[in-house]
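Trainee: structure of the sequence below:
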Amino acid sequence: MSTELSTDLNTGLIVEPDVEPATEVAPAEPPTRRTSPVLRGIIAKVLPMIAALAGLAAVWYAVTYLVLGEDKRFLLPPPHQVFGETLGRPEIMQPMLAALWQSVMVALAGLVISVVIGMAWAMVMAQTRLLEKVLYPYAVILQTVPILALTPLIGIWMGYGIAARIVVCVIIAVFPMIANTLFGLQSATAPAHDLFTLNRATRLQRLLKLQLPAAMPAIFTGLRNAAGLSVIGVIVGDFYFQQGSPGIGGLLRVYTLRLSMEPLFLAIILTALFGVVVFSAFAALDRAVIGKWYGER
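Mentor: Sure, this is the predicted structure:
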């Protein structure tokens, strides 16, 4: 734009042209750092766990130092004493890790057998009302009879080794698979059944293409419950069946009888972590498989 002076022809006055004010350029703002969604998700999941562990440790210390007297403090040693006197000692850690690994294998074997038996049992019951009325009471009996009442018979019939421990896991973990699978198979809607009837679908086609897909959320719910119960089953089996190499439950019994409190608490912590890992693994599998079909539940 020209800034030279001009003369008005009518008045003879010198007119200064209009000059637009210069616009000020705002300083550039520094780029803001945004946290990625994956990192936010990890933080959202990890922070509550850290807070829960910190709260548990605080309660543990409070009970040890504020509730128990010095003469009874050995019954609940503080966390630093439990970890300090066990983690650095191979004579404690090697047998404990070997026992934990054996218990993991027994629990997974019992879980696989429970899933196969439970789903097959439920599929048979889902075919007719008569089969459900005949077979379902046996599943209820397995759930209601105390497992401690059956362990002597299991030991007499099958010995006191690995096979007996797997049977205990199956008895404890099979009912959630039966109940949840049967509920899921029966949850398919009547219009969907009518559609398959109109298309003259066979019983097998109805089961594979309608009932099983409808039952998947319930099946995974039963799988999570059975996974947690299989851990309880392997501890019970290890606790009562002592032949062969000991499991983590057998070490719990030994440490209890010896009043070895530090190894006892470490074995309890490892057992709890094992249960949490198993449950979390199947919960993640549930979200990965079912989430694609039914959305995030």
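Trainee: tell me where the stretch 1-150 of the chain has strands.
Mentor: 6-7, 14-15 (DSSP state E, counting those that start in this stretch).
Trainee: span of stretch 191-205 from start to end?
Mentor: Stretch 191-205 has an end-to-end distance of 16 Å (CA to CA, to the nearest Å).
Trainee: just the buried positions in that stretch, please.
Mentor: Neighbour-count burial for stretch 191-205 flags 196, 201 (criterion: 16 or more other CB atoms under 10 Å). In this view, the C-beta of every residue, glycine as well, is placed from N, C-alpha and C.
Trainee: same thing with stretch 99-109?
Mentor: 99-100, 102-104, 106-109.
Trainee: can the residues you listed go into CSV with extra columns for pLDDT and distance to Gln127?
Mentor: Listed next are the buried residues of stretch 99-109 as CSV, based on pLDDT from 0 to 100; distance: CB to CB, whole Å:
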residue, pLDDT, distance to Gln127
Ala99, 87, 43
Leu100, 88, 41
Gln102, 88, 39
Ser103, 88, 37
Val104, 89, 36
Val106, 90, 33
Ala107, 90, 31
Leu108, 91, 30
Ala109, 92, 29
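Trainee: inside helices: which ones of those residues?
Mentor: The members of these that map onto helices under DSSP state H are 99-100, 102-104, 106-109.
Trainee: just the helices in the stretch 1-150 of the chain please.
Mentor: Along the stretch 1-150 of the chain, counting by DSSP state H, counting those that start in this stretch, helices occupy 37-62, 79-84, 90-125, 129-144, 147-158.
Trainee: buried residues, the last one. List them.
Mentor: Within helix 147-158, the residues that qualify as buried are 147, 151, 154-155, 158, counting by 16+ other CB under 10 Å.
Trainee: same deal with the first one?
Mentor: Judged by neighbour count using 16+ other CB under 10 Å, the buried positions of helix 37-62 are Trp60.
Trainee: who does that helix touch, helix- and strand-wise?
Mentor: If you count contacts as 3 or more CB pairs under 8 Å, 6 or more residues apart in numbering; DSSP states H and E, helix 37-62 packs onto helix 79-84.
Trainee: swap in the last one?
Mentor: Helices and strands in packing contact with helix 147-158 are listed as helix 162-185, helix 212-240; criterion 3+ CB pairs under 8 Å, 6+ apart.
Trainee: chain center to the longest one: distance?
Mentor: Right, helix 212-240. When C-alpha coordinates are averaged (CA atoms, centre = their mean, to the nearest Å), helix 212-240 and its chain have centres 11 Å apart.
Trainee: now what about the helix or strand following that helix, what contacts it?
Mentor: Sequence-wise, the next helix or strand downstream of helix 212-240 (DSSP states H and E) is helix 248-258. Residues from elsewhere that reach helix 248-258 (CB atoms under 8 Å, 6 or more residues apart in numbering): 95-96, 99-100, 102-103, 234-239, 242, 246, 260-261, 263-264, 267-268, 270-271, 274.
Trainee: quick one: helix 248-258 to helix 162-185, angle?
Mentor: Helix 248-258 and helix 162-185 are oriented at 120 degrees to each other (axes from the mean of the first three to the mean of the last three CA atoms, to 10 degrees).
Trainee: in helix 248-258, which residues are buried?
Mentor: Residues 248-252, 254-255 are the ones in helix 248-258 that count as buried (16+ other CB under 10 Å).
Trainee: which one of these is nearest Thr181?
Mentor: Closest approach between the buried residues of helix 248-258 and Thr181, by CB to CB: Gly249, at 28.3 Å.
Trainee: low-confidence ranges, the stretch 51-200 of the chain, go.
Mentor: The stretch 51-200 of the chain contains no residues with pLDDT under 70.
Trainee: ok, back up a step: can you say which of the helices and strands packed on helix 147-158 is packed in most?
Mentor: Ranked by mean neighbour count, the helices and strands packed on helix 147-158 are led by helix 162-185 with a mean of 24 (mean count of other CB atoms under 10 Å).
Trainee: so which elements touch the helix or strand following that helix?
Mentor: Counting by DSSP H and E, the element after helix 162-185 in chain order, helix or strand, is helix 190-198. Helix 190-198 sits against helix 203-206, with contacts defined as 3+ CB pairs under 8 Å, 6+ apart.
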